[in-house]
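Peer 1: I'll drop the sequence and a predicted model, then ask my questions.
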Amino acid sequence: MKLLVTGGAGFIGTNFILYWLKNHEGDEIVNLDKLTYAGNLENLTSIEKNPRYSFIHGDICDSTIVNKVMEGIDKVVHFAAETHVDRSISGPAVFITTNVVGTQILLDAALEHKIKHFHHISTDEVFGQLEIESHDKFSENTPYNPRSPYSASKAASDHLVRAYFHTYGLPITITNCSNNFGPYTFPEKFFPLAITNILEGKKVPVYGDGKNVRDWLYVEDHARAIDLVLNKGKIGETYVVGGLQNGISNIDALRKILTIMGKNEDSIEFVKDRPGHDRKYDIDWSKIHNELGWEPIFTFDEALKKTISWYTENETWWENIKSGEYASYYQKQYPHS
Ligand code: NAD
Ligand code: TYD
């Protein structure tokens, strides 16, 4: 089988490609990636000479390239997106272009090339927020209520993917997952920002009161969930994927990181809250568990330790990022740190 992976030089795409080539020995992967600030080919040097892997530098909004790479493809796994909420607040336009228009261009090409299965990677953020005290969880039946430009653009892309199923019969599936963590996460996201700041002897900026709750999914568990959906998922269906039984507050998650890294609470710095900061995400992942037999293999604590070890052992990887263009983003985003 030949898979087209979009956005394979980003965090989850990288982990997915490495996982797939290891676990599906007969399969080939084509990785289409624009290499934005978040795309990093260094992640994939271990497979760059693998005959079952090829890389195409291109934009999913470019229909000529997209139609060319779709030739001979059996299944598409669509990760490519602008993904950071804070960047969507300071500059929403590119989120609409890539996440909405780019997805539509891929869908058109998938129809044209009679793709057997188009799998769209989305987020639990499309459901909006839960109240802290609430015992509700997001499921496949939760109405959409996105509240950031990022989540609004992802919601629009989900609607388009379903529209192409109902209107044109394109064989699609969607997964809406919670916050991922693990190796190769760009250090703008909370966990790698915290871990690398601690390694650099800096404080960790915590938005607002730190009580916002997230569900956390280890990226390797996510890759297995996508694998199951690609192989056993029902066409036209959506599956939500989460990693925990109950979400955890940012401050409690950070305390765990600090304990593992042998630091105390002096490393915490409360900073101005994110505008429209969603209070709580929590996932009921019983559908994918009951129907496809998926569950996370790694406990949260184990996966956190593995992630911290990876950042500790791969300083050059994140130092290169933090010393480049990202330094000026950090200065703007955290002016008083
Ligand atoms: P990322 O920001 O680490 O990587 C995104 C990748 O997409 C990069 O390699 C980038 O170069 C590429 N890309 C961006 N615009 C492109 C374009 N126009 N054409 C081609 N390539 C382009 O993202 P990630 O964290 O790996 O997220 C992957 C997917 O998973 C996204 O669709 C995101 O919405 C979804 N998701 C992520 C999380 C998370 O916690 N990271 C949680 C839920 C859902
Ligand atoms: P993030 O990793 O940006 O993911 P998302 O916004 O998609 O959930 O943030 C995770 C949580 O951590 C979120 O509640 C915002 C918070 N956060 C901080 O407290 N400080 C930070 O510097 C960042 C980037 C995030």
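Peer 2: Happy to help now that I have it. Numbers count the residues shown, from 1 in each chain. Ligands and ions are numbered 1, 2, ... in the order given.

Peer 1: so what's the nearest residue to E140 once chain neighbours are set aside up against?
Peer 2: Spatially, and ignoring its direct neighbours in sequence, E140 is nearest to T238 (5.0 Å; C-beta to C-beta, 6 or more residues apart in numbering). C-betas here are computed from N, CA, C, even on glycine. Residues in contact with T238 (C-beta atoms under 8 Å, 6 or more residues apart in numbering) are 140, 158, 162, 173-176.

Peer 1: can you give me the helices for the stretch 1-150 of the chain?
Peer 2: Using DSSP state H, counting those that start in this stretch, the helices found in the stretch 1-150 of the chain span residues 11-23, 63-69, 85-90, 93-95, 103-112, 149-168.

Peer 1: show me what the shortest one is packed against.
Peer 2: With contacts taken as 3 or more C-beta pairs under 8 Å, 6 or more residues apart in numbering; DSSP states H and E, helix 93-95 sits against helix 149-168.

Peer 1: report whether the helix it packs on contacts ligand 1.
Peer 2: Yes: Helix 149-168 is in contact with ligand 1 by C-beta under 6 Å from any ligand atom, via K154.

Peer 1: next SSE downstream of that helix?
Peer 2: Remark: after helix 149-168, the chain's next helix or strand is strand 172-177, criterion DSSP states H and E.

Peer 1: interface residues of the protein facing ligand 1?
Peer 2: So far as C-beta under 6 Å from any ligand atom goes, the chain lies against ligand 1 at 6-7, 9-13, 33-36, 38-39, 59-61, 79-83, 98, 102, 121, 123, 154, 177, 179-180, 186.

Peer 1: which stretches of the stretch 1-150 of the chain form strands?
Peer 2: 2-6, 28-33, 53-57, 75-78, 117-123 (DSSP state E, counting those that start in this stretch).

Peer 1: export these to a markdown table and tack on mean neighbour count, mean pLDDT and distance to D108?
Peer 2: Converted to a markdown table, those look like this (neighbours: other C-beta atoms under 10 Å; pLDDT from 0 to 100; distance: least, C-beta to C-beta, whole Å):
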| stretch | mean neighbour count | mean pLDDT | distance to D108 |
| --- | --- | --- | --- |
| strand 2-6 | 24 | 99 | 14 |
| strand 28-33 | 24 | 98 | 15 |
| strand 53-57 | 16 | 98 | 18 |
| strand 75-78 | 24 | 99 | 12 |
| strand 117-123 | 23 | 99 | 11 |
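
Peer 1: and the ones you listed: which comes nearest L228?
Peer 2: strand 117-123 (11.0 Å; C-beta to C-beta).

Peer 1: quick revisit: the residue nearest to E140 and ligand 1: what is the separation?
Peer 2: For T238, the distance to ligand 1 (C-beta to the nearest ligand atom, to the nearest Å) stands at 13 Å.

Peer 1: now do the SS call for the residue lying farthest from the centre of the chain.
Peer 2: Distance from the centre of the chain peaks at D266, with 30.1 Å (C-alpha atoms, centre = their mean). Look at D266: counting by DSSP: H, G, I helix; E, B strand; the rest coil, its state is helix.

Peer 1: got a list of what it touches?
Peer 2: Under the criterion of C-beta under 8 Å, 6+ apart, the contact partners of D266 comprise K203.

Peer 1: on that earlier part again, the residue nearest to E140 pairs with what?
Peer 2: I174 (DSSP bridges).

Peer 1: how far away is it from V229?
Peer 2: According to C-beta to C-beta, to the nearest Å, T238 stands 10 Å off from V229.

Peer 1: quick check: neighbours shared by these two?
Peer 2: Joint contacts of T238 and V229 (C-beta under 8 Å, 6+ apart) are 173, 175.

Peer 1: returning to that earlier point: can you add mean neighbour count and give the helices of the stretch 1-150 of the chain back as TSV?
Peer 2: Output for these, formatted as TSV (neighbours: other C-beta atoms under 10 Å):
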stretch	mean neighbour count
helix 11-23	21
helix 63-69	17
helix 85-90	18
helix 93-95	17
helix 103-112	21
helix 149-168	20
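
Peer 1: so can I have a markdown table of the ones you listed showing mean pLDDT and distance to G233?
Peer 2: Below are the helices of the stretch 1-150 of the chain laid out as a markdown table (pLDDT from 0 to 100; distance: least, C-beta to C-beta, whole Å):
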| stretch | mean pLDDT | distance to G233 |
| --- | --- | --- |
| helix 11-23 | 98 | 15 |
| helix 63-69 | 98 | 23 |
| helix 85-90 | 98 | 27 |
| helix 93-95 | 98 | 27 |
| helix 103-112 | 98 | 16 |
| helix 149-168 | 99 | 13 |
